[in-house]
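# Need the 3D shape of this:
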Amino acid sequence: MQIRSIAEMEGLSPDYAGKILNRLRKSGLVKSVRGLNGGYVMAKKPAEVSVGAVIQALSEHPINLSHVKRDLCGQFTGNRKECVHLKACNVRQIWSMVIVQVYSKLNQIPLSSLLGPEVQVQNNLTKYLVKEEVLAS
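Predicted coordinates for the structure are as follows:
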């Protein structure tokens, strides 16, 4: 699929769509196809790609779940080289727990579960999330 078509379908500028696709390509989630009918195609089947992998690929500062403290604290340094609360932080534990829990769920959900009409997607997601979580959102 060509960048121009993707941009038009999603209401994005072609430049912005190109930046998104470039991140997805660098992460190995899509492949670029050269030539007259070139564009982008999925590198794997949607059932083989997790929603978490896509979000990580699109994140400006992805968090490695093995290094949550380093990656999380490295994003909020203020005007300094490192966060002033690096040695003793009152909120790091809650944010670390939230991030790990969210990504553990997102990494279980295949991209294919987001395909189809909204009602079907909601039904698909109930396989991965308890019903109360889906209804609460």
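# can you list the weak-confidence ranges in the chain?
65-67, 69-70, 130-137 (pLDDT under 70).
# longest helix anywhere in it?
helix 92-106 (DSSP state H).
# Just the residues contacting that helix, thanks.
With contacts defined as CB atoms under 8 Å, 6 or more residues apart in numbering, helix 92-106 is touched by 50-52, 55-56, 63, 65, 68-69, 72-73, 85, 128-129. For glycine as for every other residue, the C-beta is placed from the backbone atoms N, C-alpha and C.
# Buried ones only from the residues you listed, please, as a PyMOL command.
Listed next is the PyMOL selection for buried residues among the contacts of helix 92-106, using 16 or more other CB atoms under 10 Å:
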select buried, resi 50+51+52+56+63+68+72+73+129
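# Quick one: the strands in the protein, in order.
For the chain, the strands defined by DSSP state E occupy 30-33, 39-42.
# Name the residues of the first one that are buried.
This points to strand 30-33. In strand 30-33, counting by 16+ other CB under 10 Å, buried: residue 30.
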